[in-house]
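> Kindly return the folded structure for what I paste below:
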Amino acid sequence: MISVEKMNKIRVVAPKSKSYAVIDTLYKLHALHLKKYKELKGTEQGAPLQSAEELSASLIKLRNLLTSFDLQSRKDFEPIPFSRASFTKKLEEIYTSSTTLTKDIAEKEADLVKEQKTLSIVQGLSKLGVDVKSLDSLTLTSVDVGMIPADADLSGLQDHGYKVVTLNGEQLIAVVSAANTDIEEQLSGIGFVALDLANYADVVEQKVVLQVGKLKKQLEQFDKSYLELKIQNKSFLVRHEKVVEEEIRKAELPLDFSITDQSIIITGFVPKKEVENVTKGLEAATNSAVDVEILDIDLHHEDVPVKLNNPNPVKNFEVLMRLYELPKYIEMDPSILLFITFPFFFGYMLGDVGYGIATFMIFYGVKKKFPDTRQFMNVLMIASLVTIAFGGVYGEYLGFEYVSEATGEAWCEKGICFHKELLEHHGHEEIVYSFPRLIQRSHDSVSIGGMDLLSVLFIGILIGAVHVNIGLLVGFFNKLKAHGLKHAIFEKFSWFVMQAGVVLIITSLLGVTRIRVWVGAGVFFLSAVMLYIGEGPQGIIEIPAIFSNMLSYVRLGAVGLASLGLALVVNEELALPLMAKGGVWILLGITVMIIGHLINIALGVLGPFLHGIRLHYVEFFSKFFSGGGQEYEPFGLNDTEV
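Take a look at the predicted model:
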């Protein structure tokens, strides 16, 4: 199992009294992938530790305090010593102090609002010239005093005397009318709310001013105390939120245990190299009151967790596996194959020195700006380096494959000499100096059966044949390991036999060999029988698919030709003709070239990435990979969270 870490299945049996010690040790070791509870004879499902409910209540209070104090939760985790008793005691002290201060502040604020309103009305009455005590002595006139909205329509009071002052967005109004005059309807129409003037008869403005000042000072002191409480306990609250979350995880872990009257039983998977360390850790934590047993694994019916174990350069390509599926425990991890072939496919398609340099810089910048994309950007940066290499093979630099005769001769005089050739361009011949290359993908071709096929397309088909057969070979070893030699031969080796039969038939028809056609046909028929035995009718149905899969790799050359074609259009049809006019047209031509190549780079990244991934996921993986593996997720704190 290449790059999939070997796992051992273990069973841990310990006394119930050692539950927390066992859980805490497993948490710190971060090695046991716990199997979910499954009923065992003579056992029942475990229940959370008694501390779970208390810790959950404490977490609610802690988060309420964080919200009240406007504190941000930590994104990472800081391991600190934790004592549930001392934590609970201090949290209760903070919570009680906070609750008391909050209540006091609310009460004082309500009192302050009340006193400020009283002061405002007393001052308003003074401005209106209303003497509350003298109103009772009036006999010929009546005075109505109250509040009205700021936008009240006072036109209905024209027949009465009134005076208005503004108080905090409302208006205080005093309306004078003849005694026994009914003006209730007019007052009601303007939203008039009468004041109970008796409440203000004995109010002394100066005393209210003093009371308002006193309340403000008390509020300032309460606010100061609240701020001090926040500052003093900020670190404690912020640091303990994640700690309490983790303690709750520990307390709820027994839900996945099997228990008896006296014992807890834990079953799970541990990397083989970690078993000894886990055993020693549990024995030390429980004074050897624990039994760790290694169990047999049913590879065909048990979901064994998968832990990929690749060297650093290959580890980046695990991100492409997670876009698809993880391998099963008994399968080979294709990450190493992706490391080899995906950048090759990407570079083969994009294949331009200038584009390779540009994309490398872009991906490097994204990686620095967004560290979470590190693995994915590393994959694309490696692909960009291969793009540069293939750009050298094709002799392409931002779509340019040659320089003019004058430029080539000038460079040659300086010691940089390129190949001189005659180029037919737009109906006329032109002498140019071509950049060094091994393949000119837009022109070089091979003759197959009298038909000329561009070399990059033909090579793409050859690459497909090799790639598909590598997949079949990996599939052979997967079947050999999982089901034995017989299954491996009938299900996978039969495809090699079939290809051999096809090659024999073709070479016989072309006269390349003296072997009779019937020999190749016999080999092909034999392979079909083997496939039927190995895979049933489905194997027969899929016979045409293997050859269409190989032909599908022609896209490796086709996508690259499309990118080259767009680059040539930008350079030769748009930018260079503008620049040839001179003057301001040069600037316009450069602008067109920059925009055009940026668009082509975007398409040049998207196309090779999608087609490269598709060739792996569809044509390649279908030959050996079933996937559906369960990722290894050990209980405890991941190093990346610290």
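> so how far is residue 632 from the one residue sitting closest to the centre of the chain?
The chain has residue 372 as the residue nearest its centroid, 7.8 Å off, counting by Cα atoms, centre = their mean. Residue 372 sits 21 Å away from residue 632, going by Cβ to Cβ, to the nearest Å. (Each C-beta comes from the backbone N, C-alpha and C, glycine too.)
> Relative to the whole chain's centre, how far out is stretch 147-159?
62 Å (Cα atoms, centre = their mean, to the nearest Å).
> what's the first-to-last distance across that stretch?
In stretch 147-159, first residue to last residue: 19 Å (Cα to Cα, to the nearest Å).
> roughly how far is the lowest-mean-pLDDT helix or strand in the chain from the heart of the chain?
Lowest mean confidence among the helices and strands of the chain (mean pLDDT, DSSP states H and E): strand 419-425, at a mean of 72. Offset of strand 419-425 from its chain centre (Cα atoms, centre = their mean): 51 Å.
> In its sheet, which strands sit next to it, and in what direction?
Strand 419-425 sits in its sheet next to strand 428-434 (antiparallel), going by DSSP bridges.
> Take the partner strand, keep the C-alpha atoms, and write them as CSV.
Presented in CSV, the C-alpha positions along strand 428-434 are these (Å, rounded to 0.1, in the frame of the first residue of the first chain):
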residue,chain,number,x,y,z
HIS,A,428,4.4,35.3,-49.0
GLU,A,429,7.8,33.9,-47.9
GLU,A,430,9.8,35.5,-45.2
ILE,A,431,13.3,34.7,-43.8
VAL,A,432,13.2,34.4,-40.0
TYR,A,433,15.4,33.2,-37.1
SER,A,434,13.5,30.6,-35.1
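> ok, then the element right after that strand?
Toward the C-terminal end, the helix or strand that comes next after strand 428-434 (DSSP states H and E) is strand 445-448.
> Does anything pack onto that next one? Which helices or strands?
Secondary-structure packing of strand 445-448 (3 or more Cβ pairs under 8 Å, 6 or more residues apart in numbering; DSSP states H and E): strand 451-454, helix 455-483.
> doesn't residue 461 make contact with residue 448?
No. Residue 448 is beyond contact range of residue 461, at 9.8 Å (criterion: Cβ atoms under 8 Å).
> So which of the two has more stuff around it?
residue 461 (18 against 10; other Cβ atoms under 10 Å).
> Was I right to think that one contacts residue 552?
No. If you go by Cβ under 8 Å, residue 461 and residue 552 don't touch, sitting 9.1 Å apart.
> domain assignment for the protein?
Segmentation of the chain into domains, based on automatic domain parsing, reads 1-35+258-307, 127-206, 310-401+552-625, 403-436, 469-541.
> what's the following helix or strand after the longest helix along the chain?
The single longest helix within the chain, with elements called by DSSP state H, is helix 205-252. Going down the chain from helix 205-252, the next helix or strand is strand 258-259, by DSSP H and E.
> List the pairing partners of the helix or strand just after that next one within its sheet, with orientation.
Next in sequence after strand 258-259, counting helices and strands by DSSP H and E, comes strand 263-271. Strand 263-271 has its sheet partners listed here by DSSP bridges as strand 7-15 (antiparallel), strand 33-34 (antiparallel), strand 258-259 (antiparallel).
> Just the buried positions in the first one, please.
Right, strand 7-15. Across strand 7-15, burial judged by 16 or more other Cβ atoms under 10 Å covers 7-14.
> then it to CSV, C-alphas only?
Taking C-alpha atoms only, strand 7-15 is exported to CSV below (Å, rounded to 0.1, in the frame of the first residue of the first chain):
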residue,chain,number,x,y,z
MET,A,7,-2.9,0.6,10.7
ASN,A,8,-3.5,-1.7,13.7
LYS,A,9,-6.9,-2.3,15.2
ILE,A,10,-6.8,-2.2,19.0
ARG,A,11,-9.2,-2.7,21.8
VAL,A,12,-8.6,-0.9,25.1
VAL,A,13,-10.2,-2.2,28.3
ALA,A,14,-10.0,-0.2,31.6
PRO,A,15,-11.9,0.3,34.8
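> other SSEs contacting the helix or strand following it?
Once the chain leaves strand 7-15, the next helix or strand it forms, by DSSP H and E, is helix 19-29. Applying 3+ Cβ pairs under 8 Å, 6+ apart, one finds that helix 19-29 contacts helix 205-252, strand 263-271, helix 275-286.
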